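Novice: Okay, predicted coordinates and the sequence, questions at the end:
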Amino acid sequence: MSTTALTGIGLLVTHDPELGELPDAALVIDDDRIVWVGPAAEVPDADESSDLDGRCVIPGFVDSHTHLVFAGDRAAEFEARMSGQPYTAGGIRSTVAATRAATDEDLTSHAAGLIAEMLASGTTTTEIKTGYGLSTVDEERSAHVASRLSGDVTFLGAHVVPPEYADRTDDYVALVAGPMLEACAPYCRWIDVFCDRDAFDVDQAKTILTAGAARGLGLRVHANQLANGPAVQLAVELAAASADHCTHLSDADIDALAGSPTVATLLPGAEFSTRSPYPDARRLLDAGATVALATDCNPGSSYTSNMAFCIALAVREMGMTPAEALWAATTGGARALRRDDVGVIMVGARADLVALQAPSPVHLAYRPGVPLIAATWKGGQPITAIGG
Ligand code: NIG
Ligand code: FE
């Protein structure tokens, strides 16, 4: 294997507590891993070298919550919302109809297109949920499609109750916790339930999550997006890796998250796109909770794939400092996926890196909407040529 040195790094933001931020830095990549990090003046010889001309380098973004396997879009629903219609969980069913009608090839090429969009905007790790199939066959093929694109696939058969199970929710819960889980589990690392108003109640969520855990899957919960309820407490009780959304939190929810390893994953693209109040990240951080930021990329509530946009929203609207938001979008996302090989720049970590067309990551929020991603490396491979 040949080694590559990245030199001329004006500021290296590592998120390694020992290394911190290094001015005038360099690093060396061997295959898919980082093998050396330090001052530019001390960089060891490598087979190849690339001068970053003073750019800032950060870990690649870790987007720990997306719904990329779907067909169609819901631009008309968004347009209606911007004229005053409320967001409801029921909109999911129109994407279910489009997804069921799509071929595996269509679903794969559409999701791969979104992954390419994400890579170009600095996202090097992407979790992908199922949840627009909602039959055993359509959830299984969604999970299969997702598994071709990510190692972090989440079974979300419990997204909403599909129309053919209207008034038979208990039967649908049994299907999800039984045959559908069996069919999807081989492709998945995680299981998730939308536990909220107009979705699944806490008992149904517990049944499904417990079945998933027994099948060896890690737990995640769509919790407290639409209303305050027991979902965050359930996530903590079941030691879920992540409680996601966390828009409506009681003091007891904050205390529970702060006293647990469950990460609070905030998804400001959803509040932006549903014109809803943003979650209060400051309250969570001050209490000591671990916070992640993710896009929630989906055709209904948040059709953005852009983590820098989420960072800007978190800083402007949710009380996060630029440094906290960057940490949440990288290391925080890795914690939410219980991974220590991504979201950090240190020897042994994956060489998943972003060079910014900026002197510091503060510019991600300071210059919102500006394409500042100069280059991305995933597993040591350059994705976008500098200046390209
Ligand atoms: O995370 N909240 C549930 N699921 C998605 C929305 C999906 C949709 O509206 O299609 C979310 O926001
Ligand atoms: Fe979601």
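Specialist: Perfect, I can see it now. Ligands and ions are numbered 1, 2, ... in the order given.

Novice: okay, CA-based contacts and neighbour counts for the rest of this
Specialist: Noted.

Novice: Following the chain onward from the longest helix seen in the chain, which element is next?
Specialist: Determined from DSSP state H, the single longest helix within the chain is helix 104-120. Next along the chain after helix 104-120, taking DSSP states H and E as the criterion, comes strand 123-126.

Novice: Which residues does the longest helix of the chain contact?
Specialist: 68-71, 99, 124, 126, 141-142, 145-146, 149, 305-306, 373, 375-376, 383-384 (C-alpha atoms under 8 Å, 6 or more residues apart in numbering).

Novice: mean confidence for that helix?
Specialist: Helix 104-120 shows a mean pLDDT of 98.

Novice: hang on, Ala239 packs against Val263?
Specialist: No. Shown here, Ala239 and Val263 do not form a contact pair, counting by C-alpha atoms under 8 Å, at 9.9 Å.

Novice: And those two? Which one has more around it.
Specialist: Neighbours per residue (other C-alpha atoms under 10 Å) separate Ala239 from Val263, with Val263 holding more: 27 against 17.

Novice: Output the set of residues of the stretch 51-200 of the chain in proximity to ligand 1.
Specialist: 89, 91-92, 194 (C-alpha under 6 Å from any ligand atom).

Novice: I figured Ser49 hits Thr7, correct?
Specialist: Yes. Assessed by C-alpha under 8 Å, Ser49 is found in contact with Thr7 at 7.1 Å.

Novice: who has more neighbours, these two?
Specialist: Ranked by neighbour count (other C-alpha under 10 Å), Ser49 and Thr7 place Thr7 first, with 22 against 14.

Novice: State whether the more buried one is indeed within a helix.
Specialist: No. The assignment for Thr7, made by DSSP: H, G, I helix; E, B strand; the rest coil, is strand rather than a helix.

Novice: Roughly how far does whichever residue of the stretch 251-388 of the chain sits closest to ligand 1 sit from Pro371?
Specialist: Closest residue of the stretch 251-388 of the chain to ligand 1, C-alpha to the nearest ligand atom: Gly300 (3.7 Å). Distance of Gly300 to Pro371, computed by C-alpha to C-alpha, to the nearest Å: 24 Å.

Novice: who's more crowded, the two?
Specialist: Gly300 (24 against 13).

Novice: thinking again about what came up before, just the buried positions in the longest helix of the chain, please.
Specialist: Neighbour-count burial for helix 104-120, counted by 16 or more other C-alpha atoms under 10 Å, picks out 104, 106-108, 110-112, 114-116, 118-120.
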